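[1] below: sequence and its predicted model.
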Amino acid sequence: MAIDLKNILIIDIETVSCVSDYKQLNERMSKQWDKKASWLHNADTLSSAELFNERAGIYAEFGKIITIAIGFYRILDDGKIGLRVKVYASHDEKKLLTDFKNLLERKFNHEKFAFCAHNGKEFDYPYLSRRLLVNGISLPRVLDNSNKKPWEINHIDTMDLWKFGDRKNFTSLELLAAIFGIESSKENIDGSMVNGVYYNEDDLDKIAKYCMEDVAVTAQLYLKLKDIHTFSVEHIDYLPLDNLN
């Protein structure tokens, strides 16, 4: 089923470990992390504490969301495609998720609406759902898949589209951007650096900018994979929340 571009919301999240250091975990959670760490591939023979700093942020049970960037297509007066991008960023995860859910319910609470993310089915969508529930926030319609048939779940994944049904390993957004000639967002920071930038540099703005740029890349990649002409950088608007229409 074809989805109208105007009904697609491109998203990207950035996550970090729930606390800055393993030693800050309470006894119950540190024991749970130790169990988790014992199962992780650990070629560098890192300690449980070192693994926490390296990997905890990618697991919803031991991490938290600090930014959510969103983008949506718009049709310009000359018929060309543009993109609007907004980022939510906060040290307070519950406020961040509440603001995001409120946006979905105000603007995108309908059956035709769809999410689009790179590796979203394996990461962004389940991570968002888990952290919403951990924070005591009910799931918005687009993330509540209970009693839905597979074809009723409007979750687009550009990595899934690239697989064309095969089971090849993870293909990064950066690699796909390179082969399709899309300007990359990885020049100053990449996902492996987010935890350090957040806790060591205290630079949430830098992470937010990176997250927004990933949304712009994902939006262009989706168009490439659908054989639709992409937009130029001058047609990307980065909006404050008050101007999100």
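    Done, it's in. Numbering: from 1, shown residues only.
[2] okay, now Lys95: neighbour count?
    12 (other Cβ atoms under 10 Å). Any C-beta I mention is one placed from the backbone N, CA and C, and that applies to glycine too.
[3] before we move on, what about Tyr59?
    Tyr59 has 16 nearby residues by other Cβ under 10 Å.
[4] OK, contacts around the closest residue to it other than its chain neighbours?
    Computed as Cβ to Cβ, 6 or more residues apart in numbering, the closest residue to Tyr59 that is not its neighbour in sequence is Lys36, at 7.1 Å. Contact analysis of Lys36 by Cβ atoms under 8 Å, 6 or more residues apart in numbering lists 59, 61-62.
[5] how about CSV for the residues you listed, with secondary structure added?
    Output for these, formatted as CSV (DSSP: H, G, I helix; E, B strand; the rest coil):
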residue, secondary structure
Tyr59, coil
Glu61, coil
Phe62, coil
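[6] of these, closest to Arg131?
    Lowest distance from Arg131 to these (Cβ to Cβ) belongs to Glu61, with 9.7 Å.
[7] I figured the closest one hits Arg130, correct?
    Yes: using Cβ atoms under 8 Å, Glu61 makes contact with Arg130 at a distance of 7.5 Å.
[8] which residue ranges of this structure form strands?
    8-17, 63-75, 81-89, 114-117, 155-157, 236-238 (DSSP state E).
[9] ok, which of those strands comes nearest Asn147?
    Nearest to Asn147, of the strands of the chain and by Cβ to Cβ, is strand 155-157 at 15.6 Å.
[10] pull up the pairing partners for that closest one, direction included.
    Under the criterion DSSP bridges, strand 155-157 sits next to strand 114-117 (parallel) in its sheet.
[11] dump the lengthiest helix in the chain to PDB, restricted to CA.
    Looking across the chain with DSSP state H, the single longest helix is helix 204-225. Output of helix 204-225 as PDB, limited to C-alpha atoms (Å, rounded to 0.1, in the frame of the first residue of the first chain):
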ATOM      1  CA  LEU A 204      23.300  18.200  24.400                       C
ATOM      2  CA  ASP A 205      23.100  20.800  21.600                       C
ATOM      3  CA  LYS A 206      25.700  19.000  19.600                       C
ATOM      4  CA  ILE A 207      23.900  15.700  19.900                       C
ATOM      5  CA  ALA A 208      20.600  17.400  19.000                       C
ATOM      6  CA  LYS A 209      22.100  18.800  15.800                       C
ATOM      7  CA  TYR A 210      23.500  15.400  14.900                       C
ATOM      8  CA  CYS A 211      20.100  13.800  15.500                       C
ATOM      9  CA  MET A 212      18.400  16.400  13.200                       C
ATOM     10  CA  GLU A 213      21.000  15.800  10.500                       C
ATOM     11  CA  ASP A 214      20.300  12.000  10.600                       C
ATOM     12  CA  VAL A 215      16.600  12.700  10.100                       C
ATOM     13  CA  ALA A 216      17.400  14.800   6.900                       C
ATOM     14  CA  VAL A 217      19.700  11.900   5.600                       C
ATOM     15  CA  THR A 218      17.000   9.300   6.300                       C
ATOM     16  CA  ALA A 219      14.400  11.400   4.600                       C
ATOM     17  CA  GLN A 220      16.500  11.600   1.500                       C
ATOM     18  CA  LEU A 221      17.400   7.900   1.600                       C
ATOM     19  CA  TYR A 222      13.700   7.000   1.700                       C
ATOM     20  CA  LEU A 223      13.000   9.000  -1.400                       C
ATOM     21  CA  LYS A 224      16.000   7.300  -3.100                       C
ATOM     22  CA  LEU A 225      14.700   3.900  -2.200                       C
END
